[in-house]
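*Asks:* prediction below, plus the sequence it came from.
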Amino acid sequence: MENDAQFHSYYINQLEPQLDALEVERKKVKNKILIMLLIGTVGYAILITILSQLIFMVAPVAVIIAIVDIITCGILYYVFVKKYKKTFKVDIVKLLLAFFKQDLEYFPQQKIPQNEYSQSQLFLKTVSRYNGEDMVTGIVNNIPFSFSELHTQYRSSDGKKTSYPTIFKGIFVVAQLKKQYANTVILPDTAEKLLGGKIGHFFQSMSFNRGKLIKTDFPDFEKEFVVYGENPDESLNLLSMDLVQRIMQFKFKCNSKIYVSFNSNKLFVAISSKKDMFEARVFKPIKDYNFIKTQIDYFDWILGIVEDFNLKRF
């Protein structure tokens, strides 16, 4: 972030008073959790000791009690931290966004609509579970955009058990464009990296649901990404030297898998990430400049997507 000095002043004047009050609440929550764990552990040990004197087969009973104990602690943990985390999002995160002085709105419980996720054509598996939070909407350089955390999963079953593997987890960005485009999809190139040039290229071309494989004049770009498009000429026009460089720079800046698509009048960018945005920590001080700075840097990094892709030309 270029204006670190400005943010430090903003932190002292605007954020510290709110963080002082929230730190008091955090300590109360932490103490409740520690007491709960202590009572749960000691109570479990005492109960098992008593039962071992009364019944011969104590092991199955011990397992059942342990499961009940864990579930109870989990429920109480959620109850204890819910209000505290909500206060962090309502009071602190909104102040963080206000620092940018942009036309931004924050909706902690909302997410990018599933129809926009599907419209991107970035992930083709049928979604069984669609979850997300922390949606931000706004306008940057006259470009309307929105983003949120998303976690999408598909259903997998072998007849005996069912699981829900992850399709995508991370940040999903949608930006409005001025022009209409046929679908162009830019994906991480796993086939060529794993299998090598000719074999990887063969498997790339076998992706029948993706449109035509687009070959570009940028060898370094093709080592990292594969491009499919419904209109090859339009896709090649989109992939200017400027856009290719921006995608490459952004990939290395965030050190994550990047997925990009143009479809209709929208740009979609998906950034894989295991980290949750805007989450208050419980067991470490919340009044910590470096922690808060990390939060603002994370948002600044996402906001930079719209600026980095130079969307005015689209």
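*Replies:* Sure thing, it's come through. Residues are numbered from 1 along each chain as shown.
*Asks:* and the gap between T216 and R246?
*Replies:* For T216, the distance to R246 equals 14 Å [C-beta to C-beta, to the nearest Å]. Any C-beta I mention is one placed from the backbone N, CA and C, and that applies to glycine too.
*Asks:* low-confidence regions, the stretch 151-300 of the chain specifically.
*Replies:* 190-209 (pLDDT under 70).
*Asks:* what ranges do the helices span in it?
*Replies:* 190-195, 197-205, 219-224, 232-238, 241-254, 289-308 (DSSP state H, counting those that start in this stretch).
*Asks:* so which of those helices is nearest I33?
*Replies:* helix 289-308 (19.0 Å; C-beta to C-beta).
*Asks:* can you list the neighbours in contact with that closest one?
*Replies:* 1, 7-8, 11, 15, 19, 92-93, 96-97, 99-100, 102, 136, 140-141, 143, 145, 147, 171, 173, 175, 246, 249-250, 253-254, 269, 271, 275, 277-278, 281, 284-285 (C-beta atoms under 8 Å, 6 or more residues apart in numbering).
*Asks:* now stretch 175-186
*Replies:* Here stretch 175-186 has contacts from 121-122, 143-145, 210-211, 214, 225-231, 234-235, 238, 247, 259-267, 269, 305-306, 309, 311, 314, using C-beta under 8 Å, 6+ apart.
*Asks:* at 6 Å what do you get?
*Replies:* The contact list for stretch 175-186, computed with C-beta atoms under 6 Å, 6 or more residues apart in numbering, reads 121, 143-145, 225, 227-231, 234-235, 238, 260-265, 267, 306, 311, 314.
*Asks:* that older thread, please pick the buried ones from the contacts of helix 289-308.
*Replies:* Buried residues within the contacts of helix 289-308, defined by neighbour count using 16 or more other C-beta atoms under 10 Å: 7, 11, 15, 19, 92-93, 96-97, 99-100, 136, 140, 143, 145, 147, 171, 173, 175, 246, 250, 254, 269, 271, 277-278.
*Asks:* among these, which lie within strands?
*Replies:* Per DSSP state E, strands hold the following members of these: V136, V140, I143, F145, F147, I171, V173, A175, V269, I271.
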